[in-house]
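Undergrad: Pasting the sequence and the predicted coordinates here, then a few questions.
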Amino acid sequence: MNALKRLIIIVVFLLISNAAYSQTASKIGNVYQIPFATEGNRVDLQVANVGDEEMAAVRVVTSQKPEWLHLDRGEIVISGVQSDTDAIASFGFSVDREAPIGEGALLRFDIMSGNKVIGVKEFVLAVAPPSEAVLDQNFPNPFTQSTTIGFDNPVEGAVQIAVYDMLGRQVSVLLDEERAAGHHKVQWNASGLASGMYFYILKTNGKDGSVGLLRNKMIIVH
């Protein structure tokens, strides 16, 4: 049998969000669950040559990926894989904070010799929900008229963002509706309000069913 037809692709799929944390991605059915908004992740493809001849210049090429997954490179060239040995092609990646939650997306690698595809490895990936609620500082801040507030919602459910003056009086409700888990943004036009400091509060549900409140300050300058 030709050596090209005796190349085996074994995959070790690792996720590393920081130096102190490392685990293999969980798999539900055929879908790999990957953590929300993480950096320093890695996918390793182990290329094993079980043929009788050396495999020269094997290329591992990313041929399809979701827009929210950012690879550190699109291709890796393995200079040679001796008979009965293997080599690792390691791709680092990060996950965009605005990635859709729970929607399957295809990540595909083509293994090539010259211009010929000699193997394919595909993954179906889905991003897990945020582990907790996060309320961003509004931007810009200070602002004159309009500003944007971002937040992470850990579970689908009712979400409210309200603005108060420094006396504790509610001056605006920016959001009061059901929102899916994931990252969201809301814009606020503060025209008509006096210059000064205000604060805004995010009210949302946690994964344990509790209701959480997060608060930040903002400054209007006319």
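TA: Ah, there it is.

Undergrad: Please make it C-alpha for all contacts and neighbour counts, starting now.
TA: Noted.

Undergrad: Name the SS class of D52, please.
TA: Counting by DSSP: H, G, I helix; E, B strand; the rest coil, the backbone at D52 sits in coil.

Undergrad: Leaving out sequence neighbours, find the closest residue to it.
TA: S83 (5.3 Å; C-alpha to C-alpha, 6 or more residues apart in numbering).

Undergrad: bridging residues for the residue positioned nearest the centre of the chain?
TA: Centroid-nearest residue in the chain: V95, 2.4 Å away (criterion: C-alpha atoms, centre = their mean). Listed by DSSP bridges, the beta-bridge partners for V95 are L69.

Undergrad: ok, it - contacts?
TA: P35, F36, A37, T38, E39, W68, L69, H70 (C-alpha atoms under 8 Å, 6 or more residues apart in numbering).

Undergrad: got it, and K27?
TA: Q33.

Undergrad: What strands line up against the helix or strand hosting it, and which way round?
TA: K27 is part of strand 26-28 when elements are defined by DSSP states H and E. Strand 26-28 pairs in its sheet with strand 31-34 (antiparallel), by DSSP bridges.

Undergrad: Alpha carbons of the next helix or strand after the partner strand, in CSV - could you do that?
TA: Using DSSP H and E, the helix or strand that follows strand 31-34 in sequence is strand 41-49. Extracted in CSV, the C-alpha atoms of strand 41-49 (Å, rounded to 0.1, in the frame of the first residue of the first chain):
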residue,chain,number,x,y,z
ASN,A,41,-6.7,27.6,23.8
ARG,A,42,-5.2,25.0,21.6
VAL,A,43,-6.1,22.2,19.2
ASP,A,44,-3.5,19.5,18.6
LEU,A,45,-3.6,17.2,15.6
GLN,A,46,-1.3,14.1,15.9
VAL,A,47,-0.2,12.9,12.5
ALA,A,48,1.0,9.3,12.6
ASN,A,49,2.7,7.6,9.8
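
Undergrad: any weak-confidence spans in this protein?
TA: Filtered on pLDDT under 70, the chain yields the residue ranges 1-25.

Undergrad: Pull the distance from the strand holding K27 to the chain's centre.
TA: How far strand 26-28 lies from its chain's middle: 16 Å, per C-alpha atoms, centre = their mean, to the nearest Å.

Undergrad: same deal with stretch 160-173?
TA: Distance, centroid of stretch 160-173 to centroid of chain: 32 Å (C-alpha atoms, centre = their mean).

Undergrad: next one: stretch 100-112
TA: For stretch 100-112, the distance to the chain centre is 13 Å (C-alpha atoms, centre = their mean).

Undergrad: How about stretch 26-36?
TA: 12 Å.

Undergrad: now do stretch 111-129
TA: That offset, for stretch 111-129, works out to 19 Å (C-alpha atoms, centre = their mean).

Undergrad: Excluding its own residues, what touches that stretch? List them.
TA: Contacts for stretch 111-129 (C-alpha under 8 Å, 6+ apart): 4-5, 9, 30-36, 56-61, 99-110, 153-155, 181-182.
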